[in-house]
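# Just to be clear, the model below is a prediction. Sequence and coordinates:
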Amino acid sequence: MADTLKMPMPHSLPNPASSVLNRIRPTFVWACLFAATLLAPQLLRAQGPPPCPPPNGHISIDSGTYSSQPGVTFKLRHFTGALVPQGRTAPLCYLKQTLLARAEIYVTDASLTEVFSSKLAASGSKIKDFKVVNAPGEVTLSGKIVKVIPINFTVKGPVTTDGTVLMLHADKISADGIPVKALLGLIGEHLSALLSMKGVGGVTVEENTLKFAPEKIAHLIGHIQSVESTEAGLILRYGPSGSVLRRRRAASRAPVHPSPSPVTKPAATPGKE
């Protein structure tokens, strides 16, 4: 049988069109990315910020409870107010604060302790085992400042208000060898830092007084008529105050500049100049 003649297969010839496409494709991709980078800011600016919701809303609770987080409960009575934005533009216009007209707010020791303990733990503060205990006419703050040697502290005193902040006057202080003024400064420094995580304050120290601002801590705006420390917890009572409410309402809306009223002269009486 004759051998089969095997012809060598020629090598495939390059396709000129494919070579051109291979050279153009990377250049085209980079051009698209460059154009997208240039146009994206203009497109975002053209869309503008998202619209803000209606500025004010009303809230009224005759009797009820509110829980801001697990383990924290506020008991509310005669709670009446308005929900106003923290700013006029996004994103602050989406964050609400409560402008109180009237309210009675009751908070237990356990809820107060949980509020501060959770914030202290989240902030990495050196204050541990923080606890709030109320008694008739007196509030006790206790805890431990963790340093090389842990320092246990206790601060006791009556709580009062000037209508805007709560003031704990430290009448009795016990600590492991720390002077009164140094202890207050250390506690106030850490508490103020933990409540300033979002750029706001909330706790300040003046001499032997710790000041707590509900407006900064809980976004509650209004005139504090009274504060009462009882065996069951702390009671805050809000009520009307012209100066506070006028100031806050003015801050929550655009300023208005009314035109001056025209001066009208009384009609002249016959026979008199």
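Right, received. Where do you want to start?
# contacts, neighbours, all on C-alpha from now
Fine.
# Which residue is the nearest non-sequential neighbour of residue 232?
residue 108 (6.1 Å; Cα to Cα, 6 or more residues apart in numbering).
# in the sheet, who's paired with the one you found?
Taking DSSP bridges as the rule, residue 108 bridges to residue 233.
# any low-confidence regions in the stretch 151-273 of the chain?
Residue ranges of the stretch 151-273 of the chain with pLDDT under 70: 177, 189-201, 242-273.
# returning to that earlier point: distance check, the residue nearest to residue 232 against residue 235.
9 Å (Cα to Cα, to the nearest Å).
# what's the neighbour count on the residue nearest to residue 232?
Neighbour count for residue 108, taken as other Cα atoms under 10 Å: 21.
# residues in contact with it?
Residue 108 sits next to 73-74, 232-234 when contact means Cα atoms under 8 Å, 6 or more residues apart in numbering.
# Note down every partner strand of whichever helix or strand residue 160 is part of and its orientation.
Per DSSP states H and E, residue 160 falls inside strand 159-161. Note on strand 159-161: by DSSP bridges, its sheet partners are strand 166-169 (antiparallel).
# Identify each buried residue in the strand it pairs with, please.
Within strand 166-169, the residues scored as buried using 16 or more other Cα atoms under 10 Å are 166-169.
# Same list (those) but as JSON lines, adding distance to residue 90.
Converted to JSON lines, these look like this (distance: Cα to Cα, whole Å):
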{"residue": "166", "distance to residue 90": "31"}
{"residue": "167", "distance to residue 90": "34"}
{"residue": "168", "distance to residue 90": "36"}
{"residue": "169", "distance to residue 90": "39"}
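# Residue 95 contacts residue 83, correct?
No: between residue 95 and residue 83 there is no contact under Cα atoms under 8 Å: 9.5 Å.
# one step back: and the contacts of residue 108, which are buried?
Burial by neighbour count, judged by 16+ other Cα under 10 Å, picks out 73-74, 233-234 from these.
# Nearest to residue 221, out of those residues: which one, please.
residue 74 (16.2 Å; Cα to Cα).
# Could you point out the bridge partners of that closest one in the sheet?
Where residue 74 sits in a bridge, its partners, by DSSP bridges, are residue 66, residue 107.
# for it, what are its contacts?
Counting by Cα under 8 Å, 6+ apart, the residues that residue 74 touches are 65-67, 105-108, 111.
# What segments of this structure are strands?
Under the criterion DSSP state E, the chain contains strands at 57-69, 72-85, 96-108, 127-135, 138-145, 151-157, 159-161, 166-169, 172-175, 203-206, 209-212, 220-221, 223-229, 233-239.
# Counting by contacts, list what the fifth one packs against.
If I follow you right, that is strand 138-145. If contacts are counted by 3 or more Cα pairs under 8 Å, 6 or more residues apart in numbering; DSSP states H and E, strand 138-145 sits against strand 127-135, strand 151-157.
# Please list the residues outside that strand that contact it.
126-134, 150-159, 168, 229.
# ok, the residue lying closest to residue 104 once chain neighbours are set aside - contacts?
Computed as Cα to Cα, 6+ apart, the closest residue to residue 104 that is not its neighbour in sequence is residue 237, at 4.5 Å. By Cα under 8 Å, 6+ apart, the contact list for residue 237 reads 102-105, 224-227.
# and residue 237, how far is that from residue 226?
Taking Cα to Cα, one finds residue 237 at 5 Å from residue 226.
# which residues does residue 232 contact?
So residue 232 contacts 108-109, 134-135 (Cα under 8 Å, 6+ apart).
# Same question for residue 104.
Residue 104 makes contacts with 76-79, 235-238, as judged by Cα under 8 Å, 6+ apart.
# Which of those residues has the largest number of neighbours?
That'd be residue 238 among the contacts of residue 104, by other Cα under 10 Å, with 23 neighbours.
# so what's residue 96 scoring on pLDDT?
With respect to pLDDT, residue 96 scores 83.
# roughly how far apart are it and residue 172?
Counting by Cα to Cα - residue 96 and residue 172 are separated by 38 Å.
# neighbour-wise, which of these two wins?
Each of residue 96 and residue 172 has its neighbours counted (other Cα under 10 Å); residue 96 has more, 18 against 12.
# For the closest residue to that one other than its chain neighbours, the count of nearby residues, please.
Spatial nearest neighbour of residue 96, excluding adjacent residues (Cα to Cα, 6+ apart): residue 85 at 4.5 Å. Neighbourhood size, residue 85 [other Cα under 10 Å]: 25.
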